[in-house]
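**Q** Let's see this in three dimensions:
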Amino acid sequence: MLAAAALPLVAALLTLVATASAAAPKTSVTEIEGEVMCPICGTLLELSDSPQAQREKAYVAKLVAAGKSKAEIKDALVTQYGRSVLAQPKASGFDLSAYLVPLIAIVVAIVLLGFSVLRWRRTGSPPDGPTAGAPRGADAERLEADLSRYDL
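**A** This is a model prediction of the structure:
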């Protein structure tokens, strides 16, 4: 009887623990290394193997072990190494062009493709019948003469 009463309580407790662990985002060193740069090499931290990169990786590992979120780790890295440590450009000033230029290029490509398709569809009229593409006049006579020479 006591076990039957405790079963819903244990299930509710397990659900609460699962929800709490899902709400707290976990991050890993490899996840952060793919999003930050080595300030000395100018490459992604995951690709760099310089002494400075090793120190930065150790710093990230220490922050991950402390349970910091991805945003907190990035903020700590910006404080420690400066804004250039982030692999993502700012969304203001000249760096905004890193986001706008590809977007504008895609829009222009779609518009040009649309105009090209419309133009192609207008100029390409459907054939009028089974002999719509057949040669006429002198071309038809020459074709008949050529075919009669090669009686297949």
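
**Q** the bottom helix or strand of this structure by mean pLDDT?
**A** helix 2-23 (a mean of 53; mean pLDDT, DSSP states H and E).

**Q** per-domain residue ranges of this structure.
**A** Split into domains by automatic domain parsing, the chain comes to 24-88, 91-122.

**Q** Got the phi and psi for residue 44?
**A** phi -60, psi 140 (degrees, to the nearest 10).

**Q** need the contact list for it.
**A** 33-34, 36-38, 87 (Cβ atoms under 8 Å, 6 or more residues apart in numbering). From N, CA and C alone the C-beta is placed, and that goes for glycine too.

**Q** Go through the residues you listed and flag which are in helices.
**A** If you go by DSSP state H, these have residue 33 in helices.

**Q** pLDDT on the helix or strand that residue 115 is a member of, on average?
**A** Taking DSSP states H and E as the criterion, residue 115 maps to helix 97-123. Across helix 97-123, pLDDT averages out at 90.

**Q** do stretch 69-86 as well
**A** pLDDT averaged over stretch 69-86 gives 87.

**Q** rewinding a little: show the buried residues in the contacts of residue 44.
**A** Among the contacts of residue 44, the ones that count as buried by 16 or more other Cβ atoms under 10 Å are 33, 36-38.

**Q** Relative to residue 135, which of those residues is nearest.
**A** Of all these, residue 135 sits closest to residue 37, with 66.1 Å by Cβ to Cβ.

**Q** Would you mind giving me the confidence score for that closest one?
**A** 87.

**Q** That one and residue 45, how far apart?
**A** 6 Å (Cβ to Cβ, to the nearest Å).

**Q** got it, and residue 88?
**A** Distance from residue 88 to residue 45, by Cβ to Cβ: 13 Å.

**Q** Also residue 83?
**A** From residue 83 to residue 45 the distance is 15 Å (Cβ to Cβ).

**Q** quick one, which of these two is more surrounded?
**A** residue 45 (26 against 10; other Cβ atoms under 10 Å).
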